[in-house]
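*Asks:* Turn this into a model:
(one chain, ligands or ions: 1)
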Amino acid sequence: MPSTPEFQHTVGKTANFSGTALHTGEKVTLKLQPAPVDHGIKFKRKDLQDEPTIEARIEDRKTVERATMIGEGSVRVHTVEHVLAALWAMGVDNAIVEMDANEPPIGDGSAQGYVDLIRKTGVTAQEEHRRFFDVRDTKYVESKTGGLLVLLPDNKFRISCTQAGPNNQFSQFFSMEVTPQLFEREIASARTFVYYEDVKPLMDKNLIKGGSLENAIVVRGEAVLSKEPLRFPDEFVRHKILDIIGDLALVGRRIRGHVVAVKPGHAANAELARAITREQTRRSALATPRTIPSGDGGLDTDQVMEILPHRFPFLMVDRIISFETETKCVGVKTVTINEPFFQGHFPGHPVMPGVMQIEAMAQVASILLFKLAKTTSRIGYFMSADEVKFRKPVLPGDTMFIHAELTKSRGERLAKAKCHCVVNDAIVSEAELMFTFLDR
Ligand SMILES: [Zn+2]
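*Replies:* Numbers count the residues shown, from 1 in each chain. So this is what the prediction gives:
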């Protein structure tokens, strides 16, 4: 298995895993396929028209009880945590998880089926470095149900977890460094456990058609019901660790830090993943160069105007200072008191309107789109702006760094970009934008 932890990895070849979907009880086949560097893990719904893909990232996580679901628009993938845990812990950074249903096979309720699948495909090193998140200071999140997760600095990825049932029954503790070898030996085969009182209403409503004692341990009072005996005396806490690994995989970066978890659950795990992602965004913003490079690697004003149709007073980007990748760049806009909007917004109290910042983001994102499409014969129209936040006012004299990253482009006509603006090392605004393209 992976011998070069600094580098990204994908699966060596394609292989299948079939079984039952937990919620619908239907048969599902999951096909694990290799993917290029920086692709991340994406789920592909083979059963839907256009076979849409959904990225395994925290931004696309939907709130749902007792499991982790990701989705975009009306496309959903349920119960992704076990397959994600296996991929991530076994060292797979990039893969396509193709499925002919909205849910992976539940297997025996553990991640063993996925580890076996990854054993079949193998894991291959790729030529790009992994992205890490190094924990620098302590973070913690708490859930309403009494879960607590603390993240501490560490040079390895470690999880220490305690779990306790009602009346502190089944109190268990387990601590480990997350490596492929230890995951396979200590965690992968630990099964899902549920409390009878929690699942009874779901069974009555026929919401877990595929659920049975073959893929979950059911705890009823003092009794532990399952098809086979417990695989470890502390199987429950081990499964909790499995779920933490799967949920934190949505960060998309390798965490170097120690997670200390007390009665964790999917909601708290997701909260921690969000906190890490927010911190990462903040750090990326701080890494912005303070001096503005010119020449190679960016676009000067003339080149920007060759691409964008916008003109005074509506050109909201002066220059592109760098392209990090084909889908990620930083533009710059020097905001002066001569901007026409300051006359009216507001007299005696000039503040750059938030919508103009969104326009600036849209223009920088459009440059990426036009460069990718290699044509300017079409024009991008704004369809929506989500997750819009204005954090600080932008004033005359500010230099605004506009970061844009294309996160999705569905076919030729639709694209999505994640953007934020930075002034003086602080994020002043952010938004997720969606575009459609029409011929001019
Ligand atoms: Zn689980």
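*Asks:* burial count for the residue of the stretch 151-300 of the chain found nearest the ion?
*Replies:* For the stretch 151-300 of the chain and the ion, the shortest gap (Cβ to the ion) falls at residue 243, measuring 4.2 Å. Every C-beta, even on glycine, is put in place using the N, C-alpha and C of the backbone. Using other Cβ atoms under 10 Å, residue 243 has 24 other residues around it.
*Asks:* pLDDT value on the most far-flung residue of the chain relative to its centre, please?
*Replies:* Largest separation from the mean C-alpha position in the chain: residue 348, at 43.1 Å (Cα atoms, centre = their mean). Residue 348 is assigned 86 on the pLDDT scale.
*Asks:* ditto for residue 312
*Replies:* 87.
*Asks:* Residue 420 touches residue 432, doesn't it?
*Replies:* No. Counting by Cβ atoms under 8 Å, residue 420 sits too far from residue 432 to count as a contact (9.9 Å).
*Asks:* Between these two, which has more neighbouring residues?
*Replies:* residue 420 (23 against 18).
*Asks:* roughly how far apart are that one and residue 403?
*Replies:* Using Cβ to Cβ, to the nearest Å, residue 420 is found at 5 Å from residue 403.
*Asks:* try residue 90
*Replies:* Applying Cβ to Cβ, the value for residue 90 to residue 403 is 32 Å.
*Asks:* tell me which element residue 158 is part of?
*Replies:* strand 157-163 (DSSP states H and E).
*Asks:* Show me how far that strand is from its chain's centre.
*Replies:* Taking Cα atoms, centre = their mean, to the nearest Å, one finds strand 157-163 lying 21 Å from the centre of the chain it belongs to.
*Asks:* what pairs with the next helix or strand after it, and is each one parallel or antiparallel?
*Replies:* Scanning forward in sequence from strand 157-163 by DSSP H and E, the next helix or strand is strand 172-177. When pairing is defined by DSSP bridges, strand 172-177 lines up against strand 157-163 (antiparallel).
*Asks:* Alpha carbons only: can I get the partner strand in PDB?
*Replies:* Only the C-alpha atoms of strand 157-163 are listed here, as PDB (Å, rounded to 0.1, in the frame of the first residue of the first chain):
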ATOM      1  CA  PHE A 157      -3.300  12.100  12.100                       C
ATOM      2  CA  ARG A 158      -4.600  10.600  15.300                       C
ATOM      3  CA  ILE A 159      -8.000   9.900  16.700                       C
ATOM      4  CA  SER A 160      -8.800   9.200  20.400                       C
ATOM      5  CA  CYS A 161     -12.400   8.500  21.000                       C
ATOM      6  CA  THR A 162     -14.700   7.700  23.900                       C
ATOM      7  CA  GLN A 163     -18.200   6.500  23.400                       C
END
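*Asks:* From the rest of the structure, what touches it?
*Replies:* The contact list for strand 157-163, computed with Cβ atoms under 8 Å, 6 or more residues apart in numbering, reads 170-178, 236-237, 240-241, 244-245, 254-264.
*Asks:* Recalculate using a threshold of 6 Å.
*Replies:* By Cβ atoms under 6 Å, 6 or more residues apart in numbering, the surrounding residues in contact with strand 157-163 are 172-175, 177-178, 236-237, 240-241, 244, 255, 258-262.
*Asks:* Show me just the buried residues among the residues you listed.
*Replies:* Buried members of the contacts of strand 157-163, scored by 16 or more other Cβ atoms under 10 Å, are 172, 174, 178, 236-237, 240-241, 244, 255, 258-262.
*Asks:* Drop everything from the residues you listed that is not in helices and list the rest.
*Replies:* Taking DSSP state H, the ones among the buried ones among the contacts of strand 157-163 that sit in helices are 236-237, 240-241, 244.
*Asks:* what does this structure have sitting close to the ion?
*Replies:* Residues of the chain lying close to the ion by Cβ under 5 Å from the ion are 192, 243.
*Asks:* could you list every residue that touches residue 129?
*Replies:* Contact partners of residue 129, counting by Cβ under 6 Å, 6+ apart, are residue 6.
*Asks:* hey, what's it bridged with?
*Replies:* When assigned by DSSP bridges, residue 129 has beta-bridge partners residue 7.
*Asks:* hang on, the earlier thing: the residue of the stretch 151-300 of the chain closest to the ion touches residue 79, doesn't it?
*Replies:* No. Using Cβ atoms under 6 Å, residue 243 makes no contact with residue 79, being 10.8 Å away.
*Asks:* Determine the residues that are contacts of both of those two.
*Replies:* Counting by Cβ under 6 Å, 6+ apart, nothing touches both residue 243 and residue 79.
*Asks:* Just the buried positions in the helix or strand harbouring residue 322, please.
*Replies:* In this assignment (DSSP H and E), residue 322 forms part of strand 319-325. Of all the residues in strand 319-325, those buried under the rule 16+ other Cβ under 10 Å are 319-323.
*Asks:* Check the spacing between residue 234 and residue 175 real quick.
*Replies:* From residue 234 across to residue 175, the span is 11 Å (Cβ to Cβ).
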